[in-house]
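sharing a sequence plus its predicted fold:
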Number of protein chains: 2
Amino acid sequence: MGADHAGLQVLSYDDCLRHLRTARVGRVAFVADGEPVILPVNHGMDGDAVVFRSSPGSKLDAASDEMPVAFEVDNFDADRHSGWSVVVRGTARLVTDRSETQRLTRLGVWPWAESVERRHWIRIRPFEITGRQIPPHGD
Amino acid sequence: MGADHAGLQVLSYDDCLRHLRTARVGRVAFVADGEPVILPVNHGMDGDAVVFRSSPGSKLDAASDEMPVAFEVDNFDADRHSGWSVVVRGTARLVTDRSETQRLTRLGVWPWAESVERRHWIRIRPFEITGRQIPPHGD
């Protein structure tokens, strides 16, 4: 397994996808008015695309058309000082096609906060998926 | 406790700071070449400022002077569909003053990946600290 410039082990593409599929929550980052915004979302995977629900009128929803985004999942073990992270870089777009919306709904991704309806789907089309891990001490 | 437009409970400033102090890992988001970048870091708190170490020559290090950043910590329980997140918006700067560096070093924040020396400190001066929580089902 290779190491990057920061001395972290580089994860394979398959390991990255596995982590993306297993993780229940990720964070999406995007640029609004020139400033970075970061939001936790619970997501699903549709092939290698990250999908999640958004409420109409949200910041992300408003700035939807092929907007550059970064999406991150991670899992760190504070006691062992180990863990991994996976970052997806891609473009986000609002899913407007009804048949695609219906198909995504069948993925079973539901927002945990249920008091507001998040009926819009956002899809991140990836152009780069990379991952790193810090092995436990002593490895 | 108030709720936001997405139906999430709004955390108090004190609760936000408590979560920031307890969390061991956060994610910093910034803009590089017009695109969002997101990186996990292990951080410390110096009052209400987020501090972490960076390796010389990193993207964040290069684009340091009063750069707008967002920093996020969270903790979600997938089984209970509950959790919280705290987001700090602020500006990042590289700490160059030697006495400040020495003081920060005494905070005991060490990067977990130790194979590369991260001798630079980045400080996020917050202009907004906000938090949300999703209460467990049934609450």
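Yep, it's here.

over to A:D15. Which of the three states is it?
helix (DSSP: H, G, I helix; E, B strand; the rest coil).

what distance do you get for it to chain B?
Distance, A:D15 to chain B, by Cβ to the nearest Cβ, to the nearest Å: 16 Å. The way it works is simple: take the backbone N, C-alpha and C, and place the C-beta from them, glycine included.

beta partners for the nearest residue to A:V25 once chain neighbours are set aside?
Counting by Cβ to Cβ, 6 or more residues apart in numbering or on different chains, A:V25 lies nearest to B:F76, which is 4.7 Å off, once chain neighbours are set aside. In this entry, B:F76 is beta-bridged to B:G83, by DSSP bridges.

pretty sure B:F76 is touching A:P40, no?
Yes. B:F76 is within contact range of A:P40, at 7.3 Å (criterion: Cβ atoms under 8 Å).

quickly list what's touching both of those two.
Taking Cβ atoms under 8 Å, 6 or more residues apart in numbering or on different chains as the contact rule, B:F76 and A:P40 both touch A:V25, B:S85.

ok, these two, which is more surrounded?
A count of neighbours by other Cβ atoms under 10 Å in any protein chain shown puts A:P40 above the other of B:F76 and A:P40, at 23 against 17.

so the more buried one is in which element?
Using DSSP states H and E, A:P40 sits in strand A:35-46.

tell me what angle that strand forms with strand B:35-46.
Per axes from the mean of the first three to the mean of the last three Cα atoms, to 10 degrees, the angle that strand A:35-46 makes with strand B:35-46 is 110 degrees.

on contacts alone, who are the packing partners of strand A:35-46?
Judged by 3 or more Cβ pairs under 8 Å, 6 or more residues apart in numbering or on different chains; DSSP states H and E, the packing partners of strand A:35-46 are helix A:13-22, strand A:25-32, strand A:49-54, helix A:59-62, strand B:25-32, strand B:67-77, strand B:82-95.

angle of that strand against strand B:67-77?
Using the same axes, to 10 degrees: strand A:35-46 against strand B:67-77 is 40 degrees.

give me the mean pLDDT for strand A:35-46.
Across strand A:35-46, the average pLDDT comes to 93.

so what's A:R132 up against?
A:R132 neighbours (Cβ under 8 Å, 6+ apart): A:D4, A:A6, A:L8, A:Q9, A:V10, A:L11, A:W84, A:S85.

hmm, the fourth one is touching A:T130, no?
Read it as A:Q9. No. Using Cβ under 8 Å, A:Q9 makes no contact with A:T130, being 11.9 Å away.

tell me which of these two has more neighbours.
Ranked by neighbour count (other Cβ under 10 Å), A:Q9 and A:T130 place A:Q9 first, with 17 against 14.
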